[in-house]
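Q: Sharing a sequence plus its predicted fold:
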Amino acid sequence: MDVKTTNDEKTIMAQHNEDPEIASKETQGQIGDYAGATAKSDPVEIALVRKLDIRIMPTLWAMYFMNYLDRNAIANARLDGLEKDLGLHGSQYNTCISILFVGYLLMQVPSNMLMSSSKIRPSIYMAICMAAWAIISALTAVVKNYTSLVIVRFFLGVAEAPFYPGALYLLGIFYTRKEVATRIAILYSGNIFATSFAGLIAAATFSSIDGAQGLKGWQWLFIIEGVVTFAVAGAAAILLPDHPKNTKWLTPEERILADERIKRDTVGLAPSKGAKAGFMQAIRDPRLYLLCFIQNMHLSACSFNNFFPTVVGSLGFDRTITLVLTCPPYLVSGFVGYLVGLTSGKTNERTWHITISMGVALGGFIISCVTMNTAARYVACFMFASGAYAVNSVILGWVSATLGQTTEKKATSLGIVNVVANASYIYTAYLYPKSDGPKYLTGMGANAGFAFATIAGSWVFRIWLQRTNKKIRQAGGDNQVFYAY
């Protein structure tokens, strides 16, 4: 494959020769890996990262846990008669699933561009957005028909849109390449554990307060989760950081170190020129589009998420047992995702982690297509949930590390990748019609294809980065920072 040298690559090569701020780690007494990345050894830096972890990670994790609990409550509400109560028929439920992502996609890139500017404080902005989606989610309890449900779901998507790309942006500006994959994996486990416990929370709600105050169990589910989300938003306003140079709970010395250590770890560091310039830098980098494809295929393969209770229901158990059985596959996938992110970060490796994980998922999808054996299909649920979810942190860490020449470019790139990737949920919502049950051959067959495409795209990107690194070495010696793959 002949990959031409882009303007960005030429700039990077020149900067490696001219900019002393991108000096080799070897000049500081440290020896980097194949990409020039080094592990922490300075006690002051280690203490800083520990402080960041204590404040940032539990807060973002709790926010993401509630984000997915609120968004996917509708999947469990479906099992408690939501469709019948609202008079939904045909593909109307599927439309209510997909409409959320229309609002979700519209706001992600503008939101991240705003966060990377100096016009707002990310901590306050993200907390306000969370409070808004808490209120909107709780309002689902009062909808009366298909139209009102569609409206609520659309605005829920708008309110939720800033969180995930914003969280990735915050991790990208505070953590190095060897650190960020593990942190994204921890963050993403909030999604996984929310999906895991959602069924148990729903089962407890439906069995204990269904009918209280004249409300159905699914209505109480939206109300309770909305109230808890609003409380978490209040805590987030205090605990979240802003930018490395102006986070209030860091000392002046810590702010300087937080900023400098990310600069040292960035390939092709460039001066910031504003959000608009960052947007143009991102869309002119052809690597962005391959990463968009890879993440789109990955999330397409994860489309079973919105229908997981329905897929598990195909095993033939009653509603309560079905909700309970949705928990173990997600618990396992949460731990697997953390281990994959941890090893990917420590080894600074991406491609093989994606290949092996998505290969396991591919096997699970194939099993679901070819057998109706209950035990085999349940094992398949563990395989495709663990394998598919595990690579999210790896791919998004790849985006942050590869397209982070400026903070604005990094923010915009993460937003664009998330927009393109989440667009998959608009069309994949129609891959699981009730008429396809209990095998859901269309959905599982498509997921197998998506998993294979994720693997193929990752290997194309690996070759691309290898060739780019070779050109950088030829341009200016070996003591440099290179792209990780």
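A: Arrived safely.
Q: drop to CA atoms for contacts and neighbour counts, all remaining ones
A: Fine.
Q: max-length helix in the chain?
A: helix 441-476 (DSSP state H).
Q: For that one, what is the distance to the chain centroid?
A: Relative to the mean C-alpha coordinate of its chain, helix 441-476 is positioned 18 Å out (Cα atoms, centre = their mean, to the nearest Å).
Q: swap in stretch 431-450?
A: Going by Cα atoms, centre = their mean, the spacing between the C-alpha centre of stretch 431-450 and its chain's C-alpha centre is 23 Å.
Q: That one - what's its average pLDDT?
A: Model confidence over stretch 431-450, given as mean pLDDT, is 85.
Q: gap between the two ends of that stretch?
A: Distance between the two ends of stretch 431-450: 13 Å, counting by Cα to Cα, to the nearest Å.
Q: low pLDDT regions in this structure?
A: Applying pLDDT under 70 to the chain picks out residues 1-39, 306-307, 477-479.
Q: make it 50
A: Per-residue confidence of the chain (counting by pLDDT under 50) places the weak regions at 1-5, 9-29.
Q: What helices and strands are in contact with the longest helix of the chain?
A: Where contact means 3 or more Cα pairs under 8 Å, 6 or more residues apart in numbering; DSSP states H and E, helix 441-476 is packed against helix 7-18, helix 287-301, helix 351-370.
Q: residues of the second one that come out buried?
A: Along helix 287-301, the positions that meet the burial threshold by neighbour count (16 or more other Cα atoms under 10 Å) are 287-289, 291-301.
Q: could you check the angle helix 441-476 makes with that helix?
A: Using axes from the mean of the first three to the mean of the last three Cα atoms, to 10 degrees, the inter-axis angle of helix 287-301 relative to helix 441-476 is 160 degrees.
Q: Counting neighbours, which bits of the very next helix or strand once past helix 287-301 end up buried?
A: Using DSSP states H and E, the helix or strand that follows helix 287-301 towards the C-terminus is helix 308-313. By neighbour count, and taking 16+ other Cα under 10 Å as the criterion, the buried residues in helix 308-313 are 308-313.
Q: Pick out the most distant pair among those.
A: With Cα to Cα as the measure, no two of the buried residues of helix 308-313 lie farther apart than F308 and G313, at 8.2 Å.
Q: just checking, V419 touches Q108?
A: Yes. Counting by Cα atoms under 8 Å, a contact exists between V419 and Q108, whose distance comes to 6.5 Å.
Q: for the buried residues of helix 308-313, which one is nearest W249?
A: F308 (40.7 Å).
Q: Spatially nearest residue to the closest one, not counting backbone neighbours?
A: T326 (7.2 Å; Cα to Cα, 6 or more residues apart in numbering).
Q: Any figure for the gap between L362 and L69?
A: Spatial separation of L362 from L69 under the definition Cα to Cα is 26 Å.
Q: How about N76?
A: Between N76 and L69 the distance, using Cα to Cα, works out to 10 Å.
Q: okay, and the common contacts of those two?
A: A198 (Cα atoms under 8 Å, 6 or more residues apart in numbering).
Q: Strands of the stretch 101-250 of the chain, start to end?
A: Assigned by DSSP state E, counting those that start in this stretch, the strands in the stretch 101-250 of the chain number zero.
Q: can you pull out the helices in it?
A: Per DSSP state H, counting those that start in this stretch, the stretch 101-250 of the chain has helices spanning 122-139, 146-160, 163-174, 177-209, 217-239. These are given in chain order.
Q: A448: which of the ones you listed is closest?
A: A448 lies closest to helix 177-209 among these, at 20.3 Å (Cα to Cα).
Q: any idea how far the closest residue to T428 other than its chain neighbours lies from A77?
A: Residue nearest to T428 in three dimensions, not counting chain neighbours: S303, with 6.1 Å by Cα to Cα, 6+ apart. Distance of S303 to A77, given as Cα to Cα: 18 Å.
Q: Of the two, which one has the most company?
A: S303 (25 against 21; other Cα atoms under 10 Å).
Q: The more buried one reaches Y430, doesn't it?
A: No. Applying Cα under 8 Å as the test, S303 and Y430 come out as separate, 10.0 Å apart.
Q: What is the neighbour count of the closest residue to I128 other than its chain neighbours?
A: Once its chain neighbours are removed from consideration, I128 has its nearest residue in A233; the separation is 7.1 Å (Cα to Cα, 6+ apart). A total of 25 residues lie near A233 under the criterion other Cα under 10 Å.
Q: and A233, what does it touch?
A: Neighbouring residues of A233 by Cα under 8 Å, 6+ apart: 63, 127-128, 130-131.
Q: Report the two of the residues you listed separated the most.
A: In those, two members sit farther apart than any others by Cα to Cα. They are M63 and I128, at 12.0 Å.
Q: more neighbours, these two?
A: M63 (26 against 18).
Q: Could you measure from the more buried one over to A134?
A: The value you get for M63 to A134, if Cα to Cα is used, is 11 Å.
Q: In three-state terms, how would V44 be classified?
A: The local conformation at V44, judged by DSSP: H, G, I helix; E, B strand; the rest coil, is helix.
Q: same deal with the one 4 residues further on?
A: Reduced to three states with three-state DSSP, the structure at L48 is helix.
Q: Let me know the helix or strand that the nearest residue to it once chain neighbours are set aside is in.
A: The spatially closest residue to L48, leaving aside those adjacent along the chain, is E254, at 6.7 Å (Cα to Cα, 6+ apart). With elements taken from DSSP H and E, the one containing E254 is helix 252-264.
Q: For burial, what's the neighbour tally of the closest residue to I120 other than its chain neighbours?
A: Nearest in space to I120, with sequence neighbours left out and distances taken as Cα to Cα, 6+ apart, is L114 at 7.2 Å. Taking other Cα under 10 Å as the neighbour definition, L114 ends up with a count of 22.
Q: L114 reaches K276, doesn't it?
A: No. Proximity of L114 to K276 does not meet the contact threshold set by Cα under 8 Å, at 9.9 Å.
Q: T407 touches L171, doesn't it?
A: No. Shown here, T407 and L171 do not form a contact pair, counting by Cα under 8 Å, at 11.5 Å.
Q: More neighbours: which of those two?
A: The residue with more neighbours, out of T407 and L171, is T407; 26 against 23, by other Cα under 10 Å.
Q: who touches that one in this structure?
A: By Cα under 8 Å, 6+ apart, T407 lies in contact with 116, 173, 272, 278.
Q: any idea how far the last one is from F154?
A: According to Cα to Cα, G278 stands 28 Å off from F154.
Q: These two: which has the busier surroundings?
A: Ranked by neighbour count (other Cα under 10 Å), G278 and F154 place G278 first, with 24 against 21.
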